[in-house]
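In: pasting a predicted model and its sequence here:
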Amino acid sequence: MPKLNVAERDEFLREPGILLRIAVVRADGSPLVTPIWFIYEDEAIYFTPRAKSVWFECLRRDPRVALSIDEQAIPYRKVIVEGSAELVHDIGNDDVWRDRYHRIAERYVGSEGASHYIQNTIEQPRGLYRVAIKSAALMTWRMPESGEASMGIWANRYYTPGTDF
């Protein structure tokens, strides 16, 4: 499958409305996946768990994450990130980064909706995490576009021996 170049990747990560699915590790070693809002800024993916969320507890104990960001419509762009989440602001510092929180919410519910959402959840403290792209393993891909070959786009390991392209 064709990979996204850096400009395509960044454009995709900045599009509004696309959810991120974050996978974290529970204390017993089992995975936990949660769909969340995010924002891509400063070559990092930022997200905000509420203080009482299970996945925040998991991140405090083990910062390893896998992030899946994809779309359901053609060209089925996908970005997979595996790395370590850094706690940028802990609970109690929400006012310091509320402008970023507004930008995150705005990507999903517009500016007015973001203001209402923040006001309605202002009593629910959050942390702010980020995963820097530079220090993470990153995979991207999309379906072929017009004029690109549509056969043989998968990694060779997916094809049985003797497949004719």
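Out: Cool, got the structure. Residues are numbered from 1 along each chain as shown.
In: could you pull out the helices for the chain?
Out: In the chain, the segments counted as helices under DSSP state H are 6-14, 54-61, 98-120.
In: centre of the chain to the shortest one, how far?
Out: The one in question is helix 54-61. Counting by C-alpha atoms, centre = their mean, to the nearest Å, helix 54-61 is centred 16 Å from the centre of its parent chain.
In: what do you get for stretch 51-65?
Out: Here stretch 51-65 is found 15 Å from its chain centre; the criterion is C-alpha atoms, centre = their mean.
In: same question, stretch 117-128
Out: Centroid displacement of stretch 117-128 relative to its chain, using C-alpha atoms, centre = their mean, is 20 Å.
In: okay, buried residues for stretch 1-13 please.
Out: 1, 4, 8, 9, 12, 13 (16 or more other C-beta atoms under 10 Å). C-betas here are computed from N, CA, C, even on glycine.
In: winner for burial among the helices of the chain?
Out: helix 54-61 (a mean of 17; mean count of other C-beta atoms under 10 Å).
In: my guess is residue 36 contacts residue 22, does it?
Out: Yes. Using C-beta atoms under 8 Å, residue 36 is in contact with residue 22, at 5.7 Å.
In: between the two, which is the more surrounded one?
Out: residue 22 (26 against 15; other C-beta atoms under 10 Å).
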